[in-house]
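> have a look at this fold, sequence not included:
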């Protein structure tokens, strides 16, 4: 179930009760965001909504969650209008891909999008273009922005880095290019957003055909959306945004719980509490509380890990490290088991999550603690 709250009313009592569902994503794109949007789109179908407004302000997030959200948007039977707002908001990284996938892309004045280069653990290598002749450099320094109309800016610079990074960037480039082709949006700038982490303001994005609308608020957005044609699963549909009641769909307790426990640091702590709680109960049977607490924590951790990109080698190293450290207590080995356990535990914690395409990781201070 969702909690619904009517935020804006555009209809008189005599008029037909037509609704637009509003979903809000403020923060990183995560499995919880994916669950929230997935069920929100299903709710929109059940309510026979005229459209869904996806209001976002995000710095980016997890690649797998982003792709699941995009699949839901593409398959949606209800038109999805993604709106970056209010002023000061952004749709960076994963948010840019979602904008490109939406049926209508809109931004408020004073917002921005872009910087869609995938990030992996330790950061990407230096992605600066190769040195250019001084004369050519001077001609480029005078430009206020990276206009995609410039023939030179259409050519992506070669990325001198390892094969894995090339693979990630080329995959992301092909993905956003396919979205741009599907929605008829600027393909060249989409590639720049991935390869050069380019960004645009709302006005620049509108002028370069990256978005469709610049709207000051929801009233203005609905007024501009009205009458536009969109492609819904291969069929052209004309949007009718007159006299809509806009319903805010709030996350329920399940989604809020998921958003907390899918934080990699929280999932990591729950897993350790679960393992140590069960171990304490096995060593000291009869205490009950450690075993019950440990079992609950471990089940919550497993629920979180099933939606996170877990590296099972890292998980195995953590468990092996715990076993070695415990074995040192019962079978002293002059530090061999203990030191090996600590090393295994640290390495496992560092590589616990598959970070290709995202900055998802356990905080180093937490691992040390």
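Right, received. Where do you want to start? Keep in mind the model is a prediction, meaning the values are calculated, not measured. Numbers count the residues shown, from 1 in each chain.
> what segments of the protein are helices?
Listed in chain order, the helices of the chain (DSSP state H) span 31-46, 63-75, 94-101, 134-141, 163-183, 187-195, 202-207, 218-225, 253-261, 264-283, 289-305, 312-330, 336-350, 364-368.
> which one of these is the most hemmed in?
Highest mean neighbour count of the helices of the chain: helix 94-101, a mean of 28 (counted as mean count of other Cβ atoms under 10 Å). (C-beta placed from N, C-alpha, C; glycine too.)
> what would the helices of the chain look like in JSON lines with distance to residue 115?
Output for the helices of the chain, formatted as JSON lines (distance: least, Cβ to Cβ, whole Å):
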{"stretch": "helix 31-46", "distance to residue 115": "18"}
{"stretch": "helix 63-75", "distance to residue 115": "14"}
{"stretch": "helix 94-101", "distance to residue 115": "7"}
{"stretch": "helix 134-141", "distance to residue 115": "20"}
{"stretch": "helix 163-183", "distance to residue 115": "12"}
{"stretch": "helix 187-195", "distance to residue 115": "7"}
{"stretch": "helix 202-207", "distance to residue 115": "13"}
{"stretch": "helix 218-225", "distance to residue 115": "24"}
{"stretch": "helix 253-261", "distance to residue 115": "23"}
{"stretch": "helix 264-283", "distance to residue 115": "22"}
{"stretch": "helix 289-305", "distance to residue 115": "28"}
{"stretch": "helix 312-330", "distance to residue 115": "28"}
{"stretch": "helix 336-350", "distance to residue 115": "26"}
{"stretch": "helix 364-368", "distance to residue 115": "24"}
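> surely residue 65 is in contact with residue 34?
Yes. At 4.3 Å, residue 65 counts as touching residue 34 under the criterion of Cβ atoms under 8 Å.
> which parts of the lengthiest strand in the chain are buried?
Longest strand of the chain, by residue count under DSSP state E: strand 18-26. Buried residues in strand 18-26, counting neighbours by 16 or more other Cβ atoms under 10 Å, are found at 18-25.
> which one among those residues gets closest to residue 222?
residue 20 (7.3 Å; Cβ to Cβ).
> what's the burial count for the nearest residue to residue 117 once chain neighbours are set aside?
Leaving aside its chain neighbours, residue 117 sits nearest to residue 197 (4.4 Å; criterion: Cβ to Cβ, 6 or more residues apart in numbering). Counted by other Cβ atoms under 10 Å, the residues lying close to residue 197 total 16.
> contacting residues for residue 203?
109, 214 (Cβ atoms under 8 Å, 6 or more residues apart in numbering).
> and with 6 Å instead?
Counting by Cβ atoms under 6 Å, 6 or more residues apart in numbering, residue 203 touches no other residue.
> tell me the pLDDT of residue 90.
We have a pLDDT of 96 for residue 90.
> pLDDT at residue 335, what is it?
Predicted confidence (pLDDT) for residue 335: 76.
> beta partners of the closest residue to residue 28 other than its chain neighbours?
Leaving aside its chain neighbours, residue 28 sits nearest to residue 61 (4.2 Å; criterion: Cβ to Cβ, 6+ apart). In this entry, residue 61 is beta-bridged to residue 29, by DSSP bridges.
> and residue 61, how close does it get to residue 44?
22 Å (Cβ to Cβ, to the nearest Å).
> ok, now residue 290?
Distance from residue 290 to residue 44, by Cβ to Cβ: 45 Å.
> now that residue 325 has come up, it's in contact with residue 341, right?
Yes. Shown here, residue 325 and residue 341 form a contact pair, counting by Cβ atoms under 6 Å, at 3.7 Å.
> shared neighbours, those two?
With Cβ under 6 Å, 6+ apart as the test, residue 325 and residue 341 reach no residue in common.
> show me the shaky parts of the stretch 251-369 of the chain.
The model of the stretch 251-369 of the chain has pLDDT under 70 over residues 354-360.
> run through who's touching stretch 39-49.
So stretch 39-49 is contacted by 2, 19, 21, 23, 52, 72, 76-78, 249 (Cβ under 6 Å, 6+ apart).
> residue 350: which of these is nearest?
Nearest to residue 350 among the contacts of stretch 39-49, with distances taken as Cβ to Cβ, is residue 72, at 32.3 Å.
> tell me the contacts of that closest one?
So residue 72 contacts 38, 41 (Cβ under 6 Å, 6+ apart).
> need the pLDDT of it.
Value listed for residue 72 in the pLDDT field: 96.
> now do residue 310: how many residues are near it, please.
16.
> from residue 62, how far off is the residue lying closest to it once chain neighbours are set aside?
Nearest residue to residue 310 in three dimensions, chain neighbours excluded: residue 353, at 6.4 Å (Cβ to Cβ, 6+ apart). The spacing between residue 353 and residue 62, counted by Cβ to Cβ, is 9 Å.
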